[in-house]
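Visitor: Next comes the sequence, and after it the predicted model I'd like to discuss.
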Amino acid sequence: MSKLRIVGLSVASADGHKILEDVSLEFAAGRRYGILGPNGSGKSSLVNALMGHPHYKITAGKILLGKEDIAHLPPDEKAQRGLFLGLQYPVEVEGVSWADFLRVALARQAGNRADFYEILNDLRRHASDLGFKNFDPDRDLNVGFSGGEKKRSEILQMLALRPRFAFLDEPDSGLDIDGAAALMAKLAKLDWPASLAVVTHNPQTLQSLQPDVIYVIKNGRLAASGGEPLIARLQSGGFKDL
């Protein structure tokens, strides 16, 4: 499986405000990543720009999937190439059921021959593991969901789609301590060789994930990278010394 490499990426908002400058990161199959940083550092902007959110403009750099530069592809084409973003604020879509949304997404995956109803049965088990007690795929997508249910909904979509590169933006927000622990335990045991990156401002969130690599974004730049010892350093000293 190809690596995904972000090379010298600079990003601005739609109104021209500079957000990220010259950021280079790498993501490989089967490895776990943490993207950390203080609030307003640019870490959420990074993954949104990566997926092609229209509020962000890539002004320099490349996003290489193998040898292909996918930086300026639309989000649906990036998704078809195996990229997935779990949103920090999942949107509600009235009139489209959770199941129908997933059915269309699965149908767009090249070569997907999986039985849809078998997938739904698996998702019910996953929902139970995540503490999603009222999971009903016939409900409108995220409509009337609590904050925690919306986060669990995003994770269930990821588990069904089995992307090559998954980026989860603040997946623990809206969850209590037990719910966050159950979520991270589930993410630590994915049964396919995905590259998984969790975006958070809280180093403690990553402890049960045991990431292979930590990237720290601060003031729109890559401020540090390393392994698990970096988590302990951030827990004791915070971001101020980076």
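Guide: It's in.
Visitor: Give the burial count for residue 164, as a bare number.
Guide: Residues lying near residue 164 (other CB atoms under 10 Å) number 19. All C-beta spots, glycine's among them, are computed from the backbone N, C-alpha and C.
Visitor: Contacts only, for it.
Guide: Taking CB atoms under 8 Å, 6 or more residues apart in numbering, we find residue 164 in contact with 1, 4, 29, 81-83, 194-195.
Visitor: of the residues you listed, closest to residue 221?
Guide: Of all the contacts of residue 164, residue 4 has the smallest distance to residue 221: 19.6 Å, by CB to CB.
Visitor: For that closest one, which residues count as its bridge partners?
Guide: In this entry, residue 4 is beta-bridged to residue 27, residue 65, by DSSP bridges.
Visitor: quick one: the strands in the chain?
Guide: Along the chain, counting by DSSP state E, strands occupy 4-13, 18-27, 32-36, 56-65, 68-69, 83-86, 93-97, 140-141, 165-169, 195-200, 213-218, 221-226.
Visitor: Distance-wise, check residue 215 relative to residue 181.
Guide: Using CB to CB, to the nearest Å, residue 215 is found at 23 Å from residue 181.
Visitor: Who has more neighbours out of those two?
Guide: Relative neighbour count places residue 215 above the other of residue 215 and residue 181, with 26 against 16, counting by other CB under 10 Å.
Visitor: Could you double-check that that one lies in contact with residue 26?
Guide: No. Under the criterion of CB atoms under 8 Å, residue 215 makes no contact with residue 26, lying 9.4 Å away.
Visitor: which non-adjacent residue is nearest residue 71?
Guide: Computed as CB to CB, 6 or more residues apart in numbering, the closest residue to residue 71 that is not its neighbour in sequence is residue 63, at 4.2 Å.
Visitor: now do residue 30
Guide: Using CB to CB, 6+ apart, the nearest residue to residue 30 is residue 193, at 4.1 Å.
Visitor: and that neighbour, how many neighbours does it have?
Guide: Neighbours around residue 193, by other CB under 10 Å: 12.
Visitor: got a markdown table for the contacts of residue 164, with pLDDT too?
Guide: Below are those laid out as a markdown table (pLDDT from 0 to 100):
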| residue | pLDDT |
| --- | --- |
| 1 | 53 |
| 4 | 97 |
| 29 | 92 |
| 81 | 92 |
| 82 | 93 |
| 83 | 96 |
| 194 | 93 |
| 195 | 96 |
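Visitor: Can you tell me which of these lies closest to residue 51?
Guide: residue 83 (6.3 Å).
Visitor: For the closest one, give me its contacts.
Guide: Contacts of residue 83 (CB under 8 Å, 6+ apart): 4, 50-51, 163-165, 167.
Visitor: now swap in residue 204 and tell me
Guide: If you count contacts by CB under 8 Å, 6+ apart, residue 204 has them with residue 235.
Visitor: Could you check how far it is from residue 223?
Guide: Taking CB to CB as the measure, residue 204 falls 19 Å from residue 223.
Visitor: Residue 23 now?
Guide: As for residue 23, its distance to residue 223 is 10 Å (criterion: CB to CB).
Visitor: Look at these two and report which has more neighbours.
Guide: Remark: of residue 23 and residue 223, residue 23 carries more neighbours, 22 against 17, as counted by other CB under 10 Å.
Visitor: So what pairs up with the more buried one in the strands?
Guide: According to DSSP bridges, beta-bridge pairing links residue 23 with residue 9.
Visitor: wait, it sits on residue 5?
Guide: No. Between residue 23 and residue 5 there is no contact under CB under 8 Å: 11.3 Å.
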